[in-house]
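Trainee: Pasting a predicted model and its sequence here:
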Amino acid sequence: MNLILGSYGTLPRPLQGPEDFDVLTERSVRIEGVTGLEAPFMEASSPWRDAALLARLAGDHVLTTIPAVMSAVERDPRVGPAAVDEEGRAAALRILRAACEFVRDVNADGEGRISTVQVHSAPGRGASSADAFARTLDEVRDWDWSGAELAVEHCDALRGDHPPAKGFLSLEEEIALCAERGIGTVVNWGRSAIETRDADGPAAHILAAREAGTLVGVVFSGCADADGPYGAAFDDRHVPMRGWGDGPLAAAADASLLTRDEVARCVGLALDAPGLRYLGVKVKAPAGSGPEDWAPFLEAHVRAVARAADGVAVVG
């Protein structure tokens with residue numbers, strides 16, 4: 001079972017220089033149990049757009065397109081792969097085309113390869129539709145992704161009972177589109193908890209995707225149900241697992257809904273999915289931490305998921 005690490009979400013401050021980036025790339029991929037990185041597809045000025053970097057980092061990497069798409073949404077709320085506005089959808093297609101070319105450059109040669117590309121039903125908040133997303137998926141799945149598989153990562157859906165973090169399409173809509181097209185579904189633990197306001201929500205989402213035969217990935221990123229060091233309750237801030245360690249850095253996650261028991265529970269559910277490709281970790285280090293703190297912080301989270309995968313009986 002592959003275990004990917006979204007280390008790009010770790011740093012609690014802007015990237016300060018080569019040392020920071022080295023911890024998030026070269027050193028992260030060497031953490032025991034990690035088989036690849038979840039790499040962000042960002043704008044051309046980002047160091048993450050260096051295809052040679054991922055090509056030389058041995059492993060099976062996952063490319064997430066949400067950073068580039070959400071940057072575009074901030075400039076123009078009409079933009080997204082599921083946009084009802086055709087100009088907005090066309091702008092998102094240009095982003096995905098650039099991502100496809102990036103995958104080609106990474107996979108052309110080297111020890112590292114991008115094996116999965118995650119897409120999302122942005123822009124959300126009432127500006128997305130299942131029909132528009134279907135048109136995008138039908139178009140991009142016919143592109144040459146150089147051996148990489150497409151997957152739809154679910155983010156919190158638009159609901160009437162609370163303001164959304166992202167407000168994309170419902171999991172049911174995304175699963176239906178994926179099942180019709182042979183595309184996988186990825187559940188992000190924190191984003192499912194944000195949507196449902198409940199620690200049981202991610203398990204229900206994993207089961208739904210598993211039963212539909214579309215589940216290919218589960219990424220463990222937490223959220224808090226109370227205001228605290230990571231912001232307001234149910235913000236999408238990649239809150240760490242509660243009790244991941246000792247001391248003030250770990251105490252910052254005391255309100256996290258993500259626990260070792262929840263990791264074990266959801267890993268057990270996911271492992272019963274025949275199409276499961278990877279488990280993942282994406283957590284943000286506490287404010288005030290520096291590069292010397294990030295490696296043990298990430299190691300603790302990777303170890304928790306790896307141990308669950310090794311030692312938890314399949315349930316459900």
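Mentor: Great, that's in hand.
Trainee: can we go C-alpha only for contacts and neighbour counts from here?
Mentor: Noted.
Trainee: Near residue 32, how many other residues are there?
Mentor: When counting by other Cα atoms under 10 Å, one arrives at 11 neighbours for residue 32.
Trainee: Thought residue 78 was touching residue 85, still the case?
Mentor: Yes - using Cα atoms under 8 Å, residue 85 is in contact with residue 78, at 6.1 Å.
Trainee: out of the two, which sits in the busier spot?
Mentor: residue 78 (24 against 16).
Trainee: roughly how far apart are residue 62 and residue 305?
Mentor: In this structure, residue 62 and residue 305 are 17 Å apart, going by Cα to Cα, to the nearest Å.
Trainee: Settle it for me: which of those two has more neighbours?
Mentor: For residue 62 versus residue 305, the count of surrounding residues by other Cα under 10 Å is larger for residue 62: 27 against 23.
Trainee: got the contact list for the one helix or strand the more buried one maps to?
Mentor: Residue 62 belongs to strand 59-64 when elements are defined using DSSP states H and E. With contacts defined as Cα atoms under 8 Å, 6 or more residues apart in numbering, strand 59-64 is touched by 2, 4, 29, 35-41, 54, 111-119.
Trainee: and if we set it to 10 Å?
Mentor: By Cα atoms under 10 Å, 6 or more residues apart in numbering, the surrounding residues in contact with strand 59-64 are 2-6, 29-30, 34-42, 54-55, 99, 102-103, 110-120, 148-153, 278, 280.
Trainee: again with stretch 26-35
Mentor: Residues contacting stretch 26-35 (Cα under 10 Å, 6+ apart): 1-8, 21-23, 36-37, 53-54, 56-61, 278-281, 294-296, 298-299, 302-303, 305-307.
Trainee: how long is it end to end?
Mentor: 12 Å.
Trainee: Identify each buried residue in it, please.
Mentor: Applying a neighbour-count criterion of 16 or more other Cα atoms under 10 Å, one finds 26, 28, 29, 31, 33, 34, 35 buried in stretch 26-35.
Trainee: How about stretch 72-84?
Mentor: For stretch 72-84, by 16+ other Cα under 10 Å, it's 72, 73, 77, 78, 79, 80, 81, 82, 83, 84.
Trainee: related to what we said a few turns ago, among the contacts of strand 59-64, which ones are in helices?
Mentor: Using DSSP state H, the members of the contacts of strand 59-64 that fall within helices are 54, 55, 99, 102, 103.
Trainee: thinking the first one is in contact with residue 41, fair?
Mentor: No - proximity of residue 54 to residue 41 does not meet the contact threshold set by Cα atoms under 10 Å, at 11.6 Å.
Trainee: between the two, which one's more packed in?
Mentor: Regarding residue 54 and residue 41, a neighbour count based on other Cα under 10 Å identifies residue 54 as having more, with 27 against 24.
Trainee: List the contacts of the more buried one.
Mentor: When contacts are counted by Cα under 10 Å, 6+ apart, residue 54 touches 25-26, 36-37, 39, 48, 60-61, 103, 105-107, 110-114.
Trainee: again, only this time at 6 Å
Mentor: Counting by Cα atoms under 6 Å, 6 or more residues apart in numbering, residue 54 makes contact with residue 112.
Trainee: returning to what we had before: drop anything exposed from the contacts of stretch 26-35.
Mentor: 2-8, 21, 23, 36-37, 53-54, 57-61, 278-281, 294-295, 298-299, 302-303, 305-306.
Trainee: Now, those residues that are in strands?
Mentor: Among those, the members found in strands (DSSP state E) are 2-5, 36-37, 59-61, 278-281.
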